[in-house]
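1. Coordinates for the following, if possible.
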Amino acid sequence: MFDKNLTDLVRGIRNNKDNEAKYIAQCIEEIKQELRQDNINVKCNAVAKLTYIQMLGYDISWAGFNIIEVMSSSRFTCKRIGYLAASQCFHPDSELLMLTTNMIRKDLNSQNQYDAGVALSGLSCFISPDLSRDLANDIMTLMSSTKPYLRMKAVLMMYKVFLRYPEALRPAFPKLKEKLEDPDPGVQSAAVNVICELARKNPKNYLPLAPVFFKLMTTSTNNWMLIKIIKLFGALTPLEPRLGKKLIEPLTNLIHSTSAMSLLYECINTVIAVLISISSGMPNHSASIQLCVQKLRILIVDSDQNLKYLGLLAMSKILKTHPKSVQTHKDLILACLDDKDESIRLRALDLLYGMVSKKNLMEIVKRLLGHMERAEGSAYRDELLYKVIEICAQSSYLYVTNFEWYMTVLVELIQLEAGSKHGRLIAEQLLDVAIRVPVVRQFAVNEMTNLLDTFAVSTQSNSMYEVLYAAAWIVGEFSGELADTERTLNILLRPRKLPGHIQGVYVQNVIKLFARLATTCLELQDMPGIVRLCDHVLEKLQHFNGSNDIEVQERANSACMLIEMLRKQLTQPAEDASTGSIPPMAIEIVQEMALLFAGELIPVAPKAQRKVPLPDGLDLDEWINAPPPDDASSTSSEHDKDELFVSAAHDGNDATGGGGGGNGSHSGGKRRKSLELTPEQLERQRMARLIEQSNNPHYLKSTPSSASAAIGNSSNNSNADQYDNIDDIPITELPLDIEGVAALRVGITKRSDKYLKEQQEAAAHSKDAKKKHKKSKKSKKSKNKVAYNSSSESDAEPKPLHIVNTTLDMPEGVTLSDSEEKDGKYDPNDPHRALDIELDMAAFEAPARASKTASASKESVTAQIGLAASESIDPETVAMPSKKEKKSREKARGEHKTRKAQAQSQPDSVPDLIDTGSSPCRTATDNGINNNNNTAPSHADHSQHLKKKKREKRAHKSSKLLNDESTATTIGSTTIIDVGETSAAHPEGDVSAAVDAKVHKKKHKKDKSQHKEKRTHKSPASEYEQPMGISTPSKEMF
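-> Have a look, this model is predicted:
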């Protein structure tokens, strides 16, 4: 009685904040002592305290047996604590769960509903595959309980059983289906939730349940259940598009009437899915789309950020199929770019991707660029830059009409976003446009020359250096378009601190420009010009010879050797050069260099390398050169590391660069001496640094003219101390008139804006011309006016000024195919992967149909026996009805044919949830429902009914004669014997009796099915239940 309870434990932990771990360890020791006692109440109190300690992060798995002991208590208060502790401590892989099977089964079968309820609640947290297999029947039994509390918990528990033991889905599904029509709304809602979760993996299994869900959707007032049902219909509609035609009206009514925003959002989502699936068969649905867009606008304008985000998300789904309906709200989407929530801004950017057209592309990009200048945060600015490029480049530049404007935008993005991570993406776009749009190459090479000249190296990120890769390649590959090739060559030869792969591209394109200039000098017979060019390039390449990158060294040395070979031919002895002509060998070298870079490159397809066939005899896994043994590599590794890089210090000013690097091996493993620069080299580096600082807009200078003097002056450090007050420090204005820097000024007109003005002026001019043309054509007929209007609509989009080349380079005999990657990848962590089970609805409905067929056959057999008995009295009486029956059978066949023709020609008068008019596979015997005979009985049915009454009267008279003349007391037994005797004695009568019995059996079944149809036609739910006469969804669909 003096033990601490849970309240004391919580109070003690709060009072011992400084020594909480020590106090809890002390409490755990006390709890262990309590668990050793025999009193179940003490153990229950200890387990309750352990449950709280486990919430604080402590392990209590050592008390598993004690928890099971408390779970088995007969008192509900103790049992509840035990199941709570088990739900927190146990997991499906716990080894102790095998001890709980019989105990949980006993609780599930308890007469106290709360014992069974707490068992179901706890079991849902730690159920394992073995428990699911052993307890599935007990839980299914609770689904038929008389208490709604247990039925609801059992239905929800079956979902956990299905996840752990999928084989239980087939036997349990009929009961689960029955719970959809349970009188208790809680059980009904639970069944809807379970089936909606099951339908996430394989929704076509639940297509036959559409009538039940349709009835629930139109009658229920539970918003959460409606949301689940509407989600399920959204998954079923793509499988059966005809279902969508019946959903449009109730969903539209819900959109109009509901005030719940969650239900409104789900209705709009489902309407979008329905309209996508039935868009080909229902063209006039613009009213529904406009309604959805108007409702979504209300969500976007709302001050709640969650509703705004959901509205933008749903708007993006409408955008995929109905872009024009969304484009009218362009201003609203652009206003969301200024929202304080970054997720909303990103969602608005996704919407802008699908809203662009040839007419508004320049305007949208202008707004995005202006927004980029004001935006804060590098991540969001990077996303803006990515969206600008994605919007322009979509569908092979479908909406770009002027590529000079696009090249200008790319250059402005480089200048705006110095630290962006999308430098490689911009470089790919520069290369792609320059290669695929030949008309814009002259403009592109001039822009790239200016970019190479004004690019500020010190302020850029590592990713943004990639634009220099693209710029250098463009000016070298299309050097024939350059206005001043020599200036571009000097820009590439300018010493800069760049990554190795960028320097390698610089060297490679220096050779291209050199070959172009040398060819020009050959055409002009300018031999001194070639010599001067060789000397200049050899001098500048020495900077690349000393690079730390091995590839740059190799490229620079190869270029130097090639140029030296040409220079050696040009400076031959005087007797050969006296004529003043260029030596033939030099001409040949220049021509070979030009031929090396001749020809135009086209883009390579993304999967071209994958399509190259493997040559016979080639093993890609085989070593080209066998690797050296381990002992040899370990001895020579240290020496090879010292001589890996070649420095220019070994050769001085020798033109061959690193050619003599091997002579420096006398130093052995010692560290190399640092490179000592001559005063001339120091002066050149100083001048280069001054030039770079003068071109750097972020470098503060006192005056532009005296920048070099100010930098060289050593008294700059003391200038900062001469001002005691911060306000007295003069503000230096940046010289923003430098070329390439003017675009950085905020608020001024960008270079790309002039293309937008030109487009707007052209549109206004064309509009004025159309108005004048329309006034001059007023006297013409209306036909001409219609033709004019149709042509004006086509001219609304601006015409593209440049054509994009879409040719891709592929190996010979190979075609470009679609993506080969698999869309649906196997996800081992998907909890619903086991529910991908094909359910055959015909198997579930077969027992009911079998019982109905058995009862019908019983009645027909008894009628057949009675008819045969009446016909077995006298052979003469048997012969006469056979002729009449022949005539009646002929009439019945004719009436059946006419009724069949009427049924085929008559249209369906009852609206079906799923239109079955085009389903030849479907028969009326699947569910005992005739699909065509849904209307009132026709004249043929009336005549058939009268004949049936006459036949019954005749049978009644014959049975009366039998009662008068027969002496047997039990008519059934003697009738069977008489039938046997009569069949043996009168074979002709047996044949006619059998035929008559067969005809009577057929007509009896037909009358019964017609009576059943009349009864179902009178029921209020017939228009929902009748169309589900399908055994499986596959029969209906295919």
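2. Now residue 263. Nearest residue, chain neighbours left out?
-> residue 223 (5.0 Å; CB to CB, 6 or more residues apart in numbering). For the C-beta atoms, the positions are set from N, CA and C on the backbone; glycine is no exception.
3. Please list all residues in contact with the one you found.
-> 258, 260, 262-263 (CB atoms under 8 Å, 6 or more residues apart in numbering).
4. Tell me which of those residues fall in helices.
-> 262-263 (DSSP state H).
5. Rebuild the contacts of residue 223 as CSV, extending it with distance to residue 565, neighbour count and pLDDT.
-> Converted to CSV, the contacts of residue 223 look like this (distance: CB to CB, whole Å; neighbours: other CB atoms under 10 Å; pLDDT from 0 to 100):
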residue, distance to residue 565, neighbour count, pLDDT
258, 84, 15, 89
260, 83, 14, 90
262, 78, 14, 90
263, 81, 18, 91
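6. Tell me how many other residues surround residue 589.
-> 21 (other CB atoms under 10 Å).
7. go on, the one 4 residues further on?
-> For residue 593, the number of neighbouring residues by other CB under 10 Å comes to 19.
8. Report the separation between residue 317 and residue 271.
-> 10 Å (CB to CB, to the nearest Å).
9. Compare neighbour counts for these two and give me the winner.
-> Legend: neighbour count by other CB under 10 Å for residue 317 and residue 271, higher for residue 271 (28 against 17).
10. And for the more buried one, nearest residue in space, chain neighbours not counted?
-> In space, residue 271 is closest to residue 251, 5.2 Å off (CB to CB, 6+ apart).
11. quick one: the one you found from residue 454, how far?
-> 59 Å.
12. These two: which has the busier surroundings?
-> residue 251 (23 against 17).
13. From residue 273, how far out is that one?
-> In this view, residue 251 and residue 273 are 10 Å apart by CB to CB.
14. Residue ranges in the stretch 451-600 of the chain under the pLDDT threshold?
-> For the stretch 451-600 of the chain, applying pLDDT under 70 flags the ranges 458-461, 573-580.
15. Assess the claim that residue 161 and residue 129 are in contact.
-> No: at 9.6 Å, residue 161 and residue 129 do not qualify as touching, with contact defined as CB atoms under 8 Å.
16. Same drill for these two, tell me which one is more crowded.
-> residue 161 (25 against 14).
17. ok, and the closest non-adjacent residue to that one?
-> residue 132 (4.6 Å).
18. Can you point out the helix or strand that includes that neighbour?
-> helix 129-142 (DSSP states H and E).
19. counting contacts, what elements does that helix pack onto?
-> Helix 129-142 is packed against helix 101-108, helix 113-126, helix 148-164, helix 169-178, with contacts defined by 3 or more CB pairs under 8 Å, 6 or more residues apart in numbering; DSSP states H and E.
20. let's see it at 6 Å
-> helix 101-108, helix 148-164 (3 or more CB pairs under 6 Å, 6 or more residues apart in numbering; DSSP states H and E).
21. got the buried residues for the helix or strand hosting residue 229?
-> Secondary structure from DSSP H and E places residue 229 in helix 223-236. Neighbour counts over helix 223-236 (16 or more other CB atoms under 10 Å) mark 225-236 as buried.
22. swap in stretch 367-380?
-> Applying 16+ other CB under 10 Å to stretch 367-380 flags 368-369, 371-372, 375, 380 as buried.
23. residues contacting residue 205?
-> residue 839 (CB atoms under 6 Å, 6 or more residues apart in numbering).
24. Send over stretch 450-465 as PDB, restricted to the C-alpha atoms.
-> C-alpha atoms of stretch 450-465 as PDB (Å, rounded to 0.1, in the frame of the first residue of the first chain):
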ATOM      1  CA  ASN A 450      32.000  39.400 -74.500                       C
ATOM      2  CA  LEU A 451      31.300  36.800 -71.800                       C
ATOM      3  CA  LEU A 452      34.800  35.500 -71.900                       C
ATOM      4  CA  ASP A 453      36.200  39.000 -71.700                       C
ATOM      5  CA  THR A 454      34.000  40.300 -68.800                       C
ATOM      6  CA  PHE A 455      33.500  37.100 -66.700                       C
ATOM      7  CA  ALA A 456      34.700  37.900 -63.200                       C
ATOM      8  CA  VAL A 457      36.600  34.800 -62.000                       C
ATOM      9  CA  SER A 458      37.000  35.600 -58.300                       C
ATOM     10  CA  THR A 459      33.300  35.900 -57.500                       C
ATOM     11  CA  GLN A 460      31.900  32.900 -59.300                       C
ATOM     12  CA  SER A 461      31.000  29.500 -57.900                       C
ATOM     13  CA  ASN A 462      32.700  26.300 -59.100                       C
ATOM     14  CA  SER A 463      29.500  25.400 -61.000                       C
ATOM     15  CA  MET A 464      29.300  28.700 -62.900                       C
ATOM     16  CA  TYR A 465      32.800  28.100 -64.400                       C
END
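25. Can you give me the distance of residue 540 to residue 495?
-> Residue 540 is 8 Å from residue 495, by CB to CB.
26. ignore the last one, residue 80
-> 81 Å.
27. still on that earlier bit, which of the buried residues of stretch 367-380 sit farthest apart?
-> 369 and 380 (14.2 Å; CB to CB).
28. Thank you, goodbye.
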